[in-house]
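1. quick one: sequence plus predicted model below, questions after.
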Amino acid sequence: MGDQFQLTLKNESDQPGLTFAVYTVIDEVTNSTETFPIAWQTKRINKGNKVTFKWTLDYSLMFSSQGAEAGAIWTENGSIDVRDTSKRHNSALLDYDGDYLFTYNVGAHPVREGYVYLDATAQVPRFTPEAGPSVALAIAVGDEGTPKPAVAGNSGINLEHAFAIHPTYYIQAGQVEQGQMADLTTTTSMQKVVFAPGVFEAYWTLTEDNTWVHS
């Protein structure tokens, strides 16, 4: 398990019923025409209260029998742990025999620090918006290190995906649900959060005039 990050968010806004959400964006998911950051960690917070989100940079790959699209709730159907520095565990194979099946795809891709891979076989059904498949990169959250999906994209027959695991973080307060996918090209209310090298804690406040302030 890697270093634990902590992000504390405090609510000083007069706007009622706000849910605070953390999103991650990664630089690259090859062979997915669109990728959508997922409301990866969320909590409803009343004025004057705060929440601390925790995570470690431990990764899993997931799949779902649904399409990925902005506004929809992405729901995992299966997952497998991956490590970019492991020849045995840096890539996964998504197969289908009447149901989806995840296995390690040992030796299919060279070890490349910062990248993990997912390959779909010829047996995987062709993509449809209703039934997918879609795939996601998950990052471990909380003290228990539970993987939760962070970025999703669509997949399909014979596709190969490479995930660049260098996450950038964004925060948002609004009407959002856990697992809801967003389109950053049309969303203007997100605040970028940067952790300097060697820094693992950050504190942000949503002020009375609904602006984010970094403490």
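-> That came in fine, so what should we check first? Residues are numbered from 1 along each chain as shown.
2. any chance you could list what contacts stretch 193-211?
-> With CB atoms under 8 Å, 6 or more residues apart in numbering as the test, stretch 193-211 has contacts from 3-15, 18, 20, 22, 168-171, 173, 191, 212-215. No exception for glycine: its C-beta is placed from N, CA and C like everyone else's.
3. let's see that with 7 Å instead.
-> 3-15, 169-171, 173, 212-215 (CB atoms under 7 Å, 6 or more residues apart in numbering).
4. and it, average pLDDT?
-> The predicted model assigns stretch 193-211 a mean pLDDT of 95.
5. tell me the SS of the residue most central in space within the chain?
-> What sits nearest the mean C-alpha location of the chain, by CA atoms, centre = their mean, is residue 150, with 0.7 Å. Under DSSP: H, G, I helix; E, B strand; the rest coil, the three-state class of residue 150 is strand.
6. do I have it right that it meets residue 138?
-> Yes: counting by CB atoms under 7 Å, residue 150 touches residue 138, with 6.0 Å between them.
7. for ChimeraX, what selects the buried ones among the contacts of stretch 193-211?
-> Of the contacts of stretch 193-211, the buried ones go into a single ChimeraX selection, burial set by 16 or more other CB atoms under 10 Å:
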select :5,7,9,10,11,13,169,170,171,173,212
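8. buried residues in the longest strand seen in the chain?
-> In the chain, assigned by DSSP state E, the strand with the most residues is strand 50-64. For strand 50-64, the neighbour count (16+ other CB under 10 Å) marks 51, 53-56, 58-64 as buried.
9. and if you look at stretch 65-75?
-> 65-68, 72, 74.
10. how about stretch 151-158?
-> 151-156.
11. now residue 37. Nearest residue, chain neighbours left out?
-> Spatial nearest neighbour of residue 37, excluding adjacent residues (CB to CB, 6 or more residues apart in numbering): residue 23 at 4.2 Å.
12. state the distance from the one you found to residue 40.
-> Here the distance between residue 23 and residue 40 works out to 6 Å (CB to CB, to the nearest Å).
13. also residue 46?
-> Applying CB to CB, the value for residue 46 to residue 40 is 22 Å.
14. between the two, tell me which one has more neighbours.
-> Between residue 46 and residue 40, counted using other CB atoms under 10 Å, the more crowded position is residue 40 (24 against 10).
15. sketch out the low-pLDDT regions of this protein for me.
-> Within the chain, the ranges that satisfy pLDDT under 70 run 1, 27-33, 185-188.
16. one more time with 80
-> Across the chain, residues meeting the criterion (pLDDT under 80) sit at 1-2, 27-34, 184-189.
17. the inter-axis angle of the helix or strand where residue 21 lies versus strand 50-64?
-> Here residue 21, judged by DSSP states H and E, is contained in strand 19-25. Using axes from the mean of the first three to the mean of the last three CA atoms, to 10 degrees, the direction of strand 19-25 lies 50 degrees away from that of strand 50-64.
18. report the distance from the helix or strand just after strand 19-25 to the chain centre.
-> Following strand 19-25 in sequence order, the next helix or strand is strand 35-37 (DSSP H and E). Its chain's C-alpha centre and that of strand 35-37 lie 8 Å apart, by CA atoms, centre = their mean, to the nearest Å.
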